Structures are given as structure tokens and as C-alpha cells.
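In: quick one, structure for this:
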Amino acid sequence: MQAHQRDALRAALEHACTASPYYREALGPDAAQRPLHELPTLPKRTLVDQWDRIVTDPALRLADVEAHATGPQATDPHRGRYRVFSTSGSLGLRGLFVFAPDEWATWVALHLRIFARIGLTPGMRLAPIGAPGATHLTRQLFATFRSGRAGAPRVSVLTPLAEIVDALNAYQPEALLGYPSVAGLLAEEQLAGRLRIAPHLAMFGAEPTTADLRCRLQAAWGLRPGNIYGTTEVPTVASSTPEHPDALEVIDDAVVVEVVDEHDRPVPPGVPGAKVLVTTLLNRAQPLIRYELSDRVTVAHGPNPAGRPYRCLERIEGRAADTLRLRARDGGEVAVMPYRLGEPVARTPGVSQFQIVWDGTRMEVRLVVGRSSPRDVAGALQANLSEALVAGGAVPPPIDVCVVDALEREPGPAAKLKLIKATGR
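Out: Predicted coordinates:
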């Protein structure tokens, strides 16, 4: 695996420095002979500003790709060739990414390899529920997965829940694929008797798969989900299986992953990084060399528990933008990670979904609760959250807990559900 990765990395660097004006200038002619950690990183701002010089096909121009992405035929390949995807991500910068046909086919195949590991075969009834936006990765990727599966429902995360329930009852899927937040709602519908399906496989990504969600999936269907860590830029970075849910296998034969601190220095296993640097070994139309992702990732100790030759990540703590900075008990500020905020929810009975909004002075907790939830679920969560913040070294701010019918998804093509939102930066 290491030999393959070294050869593939050398080929990717040689191509980038030959065909991309930006990389030719930024990396220099000897980039393929230098250690990867000596090369400059690629922040998203630079990618946006230098887009025309980063791509390797002179026929690709940002203005044309932008027009295609916002046009009526956005799901069709640009110039009959390039798949186009957009993302704003946690940094609020709109990014556009293109995949040539062979690159796209390989990324699809890598997903099928992941599915095979959890037992999902081409003949199974799969119900993928992704984003509705034409240029969101899951819209086009899930359309590919539906191919050859007659009757697979064409629903999205924004389809009314009752319609999703009716479609799934009619289709009777054997496997579910999509966002954890939607799976949580479907589990509630199953437990309430309105949804009547019996899936035995599930794979989720894009949002945290919390301990509370795992409990609900176990109660509803007796299943444990696999998890995919992917981005629009790199459709799959790592994935887990139900047998080893906390071991996210990095696809080392397709991407080089560096977990680093704020100064781009590697961090040891067991220590959360400040960001991730990814280098794709497959993408030639738009090479990504040490591209910065703002995820806080922890590399796992020891060998891969599945025995495969891939490194593992043990935790993804969410986007760095979702890390809240609160007043510390001993003065100054303390960073409060999303997992610390989510843990009190997991141990508060009656909570179906939650969202925490921090405006810099007050914390608003929005809850969707089950029909049979305890009366004082809001008060219980408020106490549990305050206790968790104290344990994390923070001074608990004023906390307002309110029960809502549904949580609002983020605007844009992805329509993700952001569990921790900092609005008062």
C-alpha cells in the first residue's frame, strides 16, 4: 500500500506541475522528488481565487462552470464531459469542483467497494436519501446508486416526512443511505408504527452519527450503521463498518491524508488535529495537493482492527467552525468541541433531534422531542448541558431550551442540518 501510494503520489505531482499553471509556479519543477510535507498547502481561498490556473484543461473556465452550475442542466456533464459540484462548506466560501469521466467512475467504484464491505450488493433494494441541489454531490452520486434498482424512491432530505414514509413503505428497502438526521426521524416513525420497513444495512455521512442516533436505529431495526467521511472535494476520505464503527478506514490508495495542527505540523495518534490536508491521487482535471479541510480529526492508535492495509481515524469532531469558544472557568477562553455538546443530548431521554445556536452571549438549544418524551425534557437537558460545560472547563452561559416541530436546514444545495451553529463570531 505504501509503495502504491508513493508511486501514485509521484504521478499526481508530476501531472499537476506539468499541466497546471498554478502548481507549476507554486510547487516548482522538483515537487515530485520532495517530501510531501515540504510542499505548500492549498487553502480554499486560494482554490477559489486561482481556479482557472489550478485546473489542467484549458477549456475549463470558472465563469463557464459557474454558469453551468446555476443553469437548468446542472446535473448534466459540463461540455459533455465534466461532472460539476459546488459547496460552501464551513468557511462560507463557494467552491466549484469538476470530475472527468474516468475520475468520477473511479470514485463511484470506491463507494461500491465500501458498500461491499458492509454486505450491500447490487441486487439489494437501496433507498438513498440525499440533498436536492443539482450540484450537490449526493444528488448525482445517489442517482448513480439508484440506477438498475427499479422503483427506488426519488426523495431528498427536503421531501416532507410523510411522503418519505409512504415511499419507503411502498419500496420496502433492504438498505438505507443518506444523512443521519433523516435516519433518526425515520427511526422515530418506525417506532411509532407509521413506517413499516425492515432494513438490515445502513450507511450515513455528512453529519455526525451520534450515540443517541445509534440507540434509536438499534431500537427501530436492530441494526448498526456504517459511516462515511467524505467531502464534495474528496467524495470519500474514510469509512467504517458496523463491525468496527469507531475505525474509519482511510482510502489510502486514492488519497493521502495528513492530520496536522494549526502550523501544519503532523499530530500523533490520539491527538485531535486542527485541520486535515488531503491530496487526491485520482483527480487530474482539478488536482488537489495538500488541500485544507477544516475538520478536526483524530488518527487511531494501533493497526486496522479489520486487518486491511489502511490507516484508521477514530474520531471526526465536526467542522472547526462548529467549535464554540466560551469563557473559561480559570480565565480566558476554552474551545468546546461538538462531541462535548452532543453527549448530554445522548443521555437525555425523549430528545429526537437537537440543534445548538450560540450567538456569543446566549446558547439556544432547539429540540424535537418524541410523543412519549418526559414532561421536563427541556429542563433535564439544560442541567445536563451545564454540567458538561463545567466539566469541560467552561463557564456555562445562559441556556435557553425550546421545543420545536422541526429543525431548519442550512440554505444552499447541500441542505445539511448543522447541529452546532456559532452565529455571533
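In: name whatever forms a beta bridge with residue 422.
Out: residue 358 (DSSP bridges).
In: correct me, but it touches residue 356?
Out: No: using CB atoms under 8 Å as the test, residue 422 is too far from residue 356 to be in contact (9.2 Å). To be clear about C-beta, it is placed using only N, CA and C from the backbone, and glycine gets the same treatment.
In: neighbour-wise, which of the two wins?
Out: residue 356 (23 against 16; other CB atoms under 10 Å).
In: immediately after the helix or strand harbouring that one, which helix or strand?
Out: Applying DSSP states H and E as the criterion places residue 356 in strand 351-358. The C-terminal neighbour of strand 351-358 among helices and strands, as given by DSSP H and E, is strand 363-369.
In: what sits up against the following helix or strand past that next one?
Out: Moving toward the C-terminus from strand 363-369, the next helix or strand (DSSP H and E) is helix 377-391. Helix 377-391 has contacts (CB atoms under 8 Å, 6 or more residues apart in numbering) with 326, 329, 336, 340-341, 343-345, 347-351, 354, 363, 365, 367, 369, 374, 395-396, 399, 401-403.
In: in the stretch 251-400 of the chain, which spans are helices?
Out: Counting by DSSP state H, counting those that start in this stretch, the stretch 251-400 of the chain has helices at residues 338-346, 377-391.
In: in the longest one, which residues are buried?
Out: The reference is to helix 377-391. For helix 377-391, burial by neighbour count (16 or more other CB atoms under 10 Å) applies to 377-378, 380-382, 384-386, 388-389.
In: and that helix, how far out from the chain middle?
Out: 27 Å (CA atoms, centre = their mean, to the nearest Å).
In: just stretch 169-183 next, same as before
Out: For stretch 169-183, the distance to the chain centre is 18 Å (CA atoms, centre = their mean).
In: kindly report the same for stretch 40-49.
Out: How far stretch 40-49 lies from its chain's middle: 20 Å, per CA atoms, centre = their mean.
In: same question, stretch 356-365
Out: 23 Å.
In: and it, what's buried?
Out: Buried residues in stretch 356-365 (16+ other CB under 10 Å): 356-358, 363-365.
In: now swap in stretch 42-54 and tell me
Out: 42-44, 46-47, 50-51, 54.
In: present the helices of the stretch 251-400 of the chain as JSON lines; the columns should include mean pLDDT and distance to residue 211.
Out: Listed next are the helices of the stretch 251-400 of the chain as JSON lines, based on pLDDT from 0 to 100; distance: least, CB to CB, whole Å:
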{"stretch": "helix 338-346", "mean pLDDT": "70", "distance to residue 211": "4"}
{"stretch": "helix 377-391", "mean pLDDT": "90", "distance to residue 211": "13"}
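In: would CSV of these with distance to residue 96 be doable?
Out: As requested, these are exported to CSV (distance: least, CB to CB, whole Å):
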stretch, distance to residue 96
helix 338-346, 27
helix 377-391, 38
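In: out of the ones you listed, which gets nearest to residue 407?
Out: For residue 407, the closest of the helices of the stretch 251-400 of the chain is helix 338-346, at 12.6 Å, according to CB to CB.
In: circling back: packing partners of the strand holding residue 356?
Out: Contacts defined by 3 or more CB pairs under 8 Å, 6 or more residues apart in numbering; DSSP states H and E place strand 351-358 against helix 180-192, helix 338-346, strand 363-369, helix 377-391, strand 420-422.
In: so, low pLDDT: which residues of the stretch 201-350 of the chain?
Out: 318-323, 337-339, 343, 346-347, 349 (pLDDT under 70).
In: make a markdown table out of the helices and strands packed on strand 351-358 and add distance to residue 275.
Out: A markdown table is the format used below for the helices and strands packed on strand 351-358 (distance: least, CB to CB, whole Å):
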| stretch | distance to residue 275 |
| --- | --- |
| helix 180-192 | 23 |
| helix 338-346 | 15 |
| strand 363-369 | 25 |
| helix 377-391 | 25 |
| strand 420-422 | 17 |
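In: so for residue 130, which of the ones you listed sits nearest?
Out: helix 180-192 (9.4 Å).
In: list the contacts of the nearest residue to residue 104 once chain neighbours are set aside.
Out: Nearest non-adjacent residue to residue 104, counting by CB to CB, 6 or more residues apart in numbering: residue 83, 5.0 Å away. Residue 83 makes contacts with 77, 98-99, 104, 140, as judged by CB under 8 Å, 6+ apart.
In: nothing else from me, thank you.
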